[in-house]
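Peer 1: any chance you could fold what I've pasted below:
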Amino acid sequence: MSLTAKEVKKISRYINANTARMIWGVSAGVCEFYGCTNRLYTHHVTKENVNLAENAHVYSFSEGGKRFSRLIPRERINDIDNLMLVCDSCHKLIDSTDTDYSAEELLSMKKEHEERVSLLVSIKPDLQSEVVIYNCNIGKRGICIKDYDAMKSITPEYYPARIKPINLSPDLKLYDNEPEFWHTMAKDLERQIAQYDSSIRDKHISLFAIAPQPLLFKLGTILNRNYDVAVKQAQGDIVSWRWQEDKKTIDLYLDESLHDSSNERVVITFEISARLSDVELATVFAGHNIYRIIANECAPTVIKSRDDLLKVTDMFREVLNKIRLESVPNVKVALLPIAPSSVAIETGRQLMNGDPIVTVYNRNYLTKVWVPTLSF
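Peer 2: Numbering: from 1, shown residues only. Below you'll find the predicted structure:
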C-alpha cells in the first residue's frame, strides 16, 4: 500500500524535538559524513554562530527516494537510528543521482562518528595532556614541528588539553654563530615557559622539540622532574613522533680514560647519533678526565622507545654520581652531546642539587669548533 502525498509530507518534515536534540548530542554538532569536519553551529568563514545542520535520512521516507526499504516501518523513518546530522554539501552529495551511497555505508559512517564522539567526551581529566612545542633554528636551518603531527601522536594514550598546542618557539632572528645567541635564546625560553607555568605545572605535558642541543638541555632543566613530562622523539622525520618500539633496543657502553681524582676538568660525551673523533676529543680536551657514553650502533634514529631514552639518561646519572664521589668538590663538567633531541632534554631534566657545574658545548656550524654555550 503506497502512502498519500499528505502522509509523505508529514513524515518527511516532522522530526520529534527530543530526537533533534539527541542527534545534535551524539554527533557533537559536527557533520557525520566520513572525513567531513564541518562544524554545523558556526559559519566556516565569518565564524558567526548559526544552525547549518540538516537531517539526512539513511533509508528514504518515500518509495521514490534513494535507499528506500520496505523493511523500515514508516512510523520509525524519523527515528534517530535513521538520521544523520550533516552539512548542506554532504546532504546533497549522498542524495544526488550522480552518486551511489548505500544505506550500509551511511550507517557505518554514522556509527564510527558517534562512537568517536562518545569516546572523546568520556575522556577524564587525567587523560588530558598539554602539548608543548619548541622549534629553534639549528645553524641556518629552520625546522617547524606541525601542530597536527604533535597532537595526533599522543592519542589514544592521551588527548590534547586545548585546541592548539603551547608553542614556546622564539620569534628572534639570531643564529648560533652570534655571541649573544645562547643567553638571549635561553632567557627567551625562560620567559616563554613562565607565561604558562601556572597552567601546566600540575598537568601531564607532551613535549616536542627540535633545537640546538644546549637549548634542549636548558629546556630540560626548566621542565625538570618536578613536572610530569613525556619527552617525545621524532622517528626518522618530524612528522612521525610515535615510538617505534615498546622495549629497549639500544646498546650502550661507557668509555673512561685519564682518571685523576684531583683533576678539576671533566668531559662527558654523548655519542648516540654519531661518533666523535678520538683525535678531536684528545686535542680539544687534552688533560681532562673523559667519560664517553657511546651507542654500539650510532644513528639519528637510534632512540626508538621510552626504554631507550631511559637507558641513556640512567647512564648519564650514573656518570654524574661517579664524578660526585670520585672528583674534587670544585670539579667542572664539559658536556658534548651528539644525540637525538630527546636525550638532550631528558638529561637536562636529570640535574640535581649538588651536581657539578655542567657547561654544554656546541660545535659551531661555520667554524666546526666546539665552543662553550650555557652552564647549569
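Peer 1: alpha carbons of stretch 322-333, in CSV - could you do that?
Peer 2: The C-alpha coordinates for stretch 322-333 follow below in CSV (Å, rounded to 0.1, in the frame of the first residue of the first chain):
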residue,chain,number,x,y,z
LYS,A,322,80.6,8.7,39.9
ILE,A,323,82.1,12.2,39.3
ARG,A,324,80.5,13.5,42.5
LEU,A,325,82.1,10.7,44.5
GLU,A,326,85.5,10.5,42.9
SER,A,327,86.3,14.1,42.0
VAL,A,328,87.3,17.2,43.8
PRO,A,329,84.4,19.4,45.1
ASN,A,330,85.0,22.2,42.5
VAL,A,331,85.1,19.9,39.5
LYS,A,332,83.5,21.3,36.3
VAL,A,333,82.0,19.2,33.6
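Peer 1: so what touches it?
Peer 2: Applying Cβ atoms under 8 Å, 6 or more residues apart in numbering, the contact partners of stretch 322-333 are 259, 261-268, 289, 291, 320, 354-359. Glycine gets a C-beta too; all of them are placed from N, C-alpha and C.
Peer 1: mind doing that once more with 7 Å?
Peer 2: The contact list for stretch 322-333 (Cβ atoms under 7 Å, 6 or more residues apart in numbering) reads 261, 262, 264, 265, 266, 268, 354, 355, 356, 357, 358, 359.
Peer 1: next: stretch 77-96.
Peer 2: 11, 14-16, 19, 22-24, 27, 31-33, 36, 38, 40, 52-59, 61, 66, 72, 76, 99, 101, 106, 110.
Peer 1: what about the residues you listed, which are in helices?
Peer 2: 11, 19, 22, 23, 24, 27, 106, 110 (DSSP state H).
Peer 1: okay, now the unreliable bits of the protein?
Peer 2: 1-13, 125, 258 (pLDDT under 70).
Peer 1: same thing but 50
Peer 2: Residue ranges of the chain with pLDDT under 50: 1-3, 5-6, 8-9.
Peer 1: which residue lies nearest the spatial centre of it?
Peer 2: residue 150 (2.8 Å; Cα atoms, centre = their mean).
Peer 1: shouldn't that one be in contact with residue 167?
Peer 2: No: checked against Cβ atoms under 7 Å, the pair residue 150 and residue 167 is beyond contact range at 9.9 Å.
Peer 1: ranges for the strands of the stretch 1-150 of the chain?
Peer 2: 54-57, 83-86, 128-135 (DSSP state E, counting those that start in this stretch).
Peer 1: pull out the buried positions in the second one.
Peer 2: For strand 83-86, burial by neighbour count (16 or more other Cβ atoms under 10 Å) applies to 83, 84, 85, 86.
Peer 1: ok, those residues vs residue 375, which is closest?
Peer 2: Using Cβ to Cβ, the shortest approach to residue 375 within the buried residues of strand 83-86 belongs to residue 85, at 58.7 Å.
Peer 1: bridging residues for the closest one?
Peer 2: residue 55 (DSSP bridges).
Peer 1: what distance do you get for it to residue 43?
Peer 2: Relative to residue 43, residue 85 is positioned 16 Å away (Cβ to Cβ, to the nearest Å).
Peer 1: kindly report the same for residue 84.
Peer 2: 21 Å.
Peer 1: now do residue 64
Peer 2: 33 Å.
Peer 1: the two: who's more crowded?
Peer 2: residue 43 (11 against 7; other Cβ atoms under 10 Å).
Peer 1: run through the residues that contact that one.
Peer 2: 50, 52.
Peer 1: try it again with 6 Å
Peer 2: residue 50 (Cβ atoms under 6 Å, 6 or more residues apart in numbering).
Peer 1: is residue 53 in contact with residue 41, as I believe?
Peer 2: No: at 7.6 Å, residue 53 does not count as touching residue 41 under the criterion of Cβ atoms under 6 Å.
Peer 1: thinking again about what came up before, joint contacts of residue 150 and residue 167?
Peer 2: What both residue 150 and residue 167 touch, as defined by Cβ under 6 Å, 6+ apart, is the set residue 133.
Peer 1: sorry, back to before: narrow the contacts of stretch 77-96 to those that are buried.
Peer 2: Buried, going by 16+ other Cβ under 10 Å: 11, 15, 19, 23, 27, 31-33, 38, 40, 52-59, 61, 66, 72, 101, 106, 110, out of the contacts of stretch 77-96.
Peer 1: end-to-end on stretch 261-275?
Peer 2: The first and last residues of stretch 261-275 sit 26 Å apart, counting by Cα to Cα, to the nearest Å.
Peer 1: now do stretch 40-53
Peer 2: Stretch 40-53 has an end-to-end distance of 5 Å (Cα to Cα).
Peer 1: could you do stretch 63-82 as well?
Peer 2: Span of stretch 63-82 from end to end, Cα to Cα: 16 Å.
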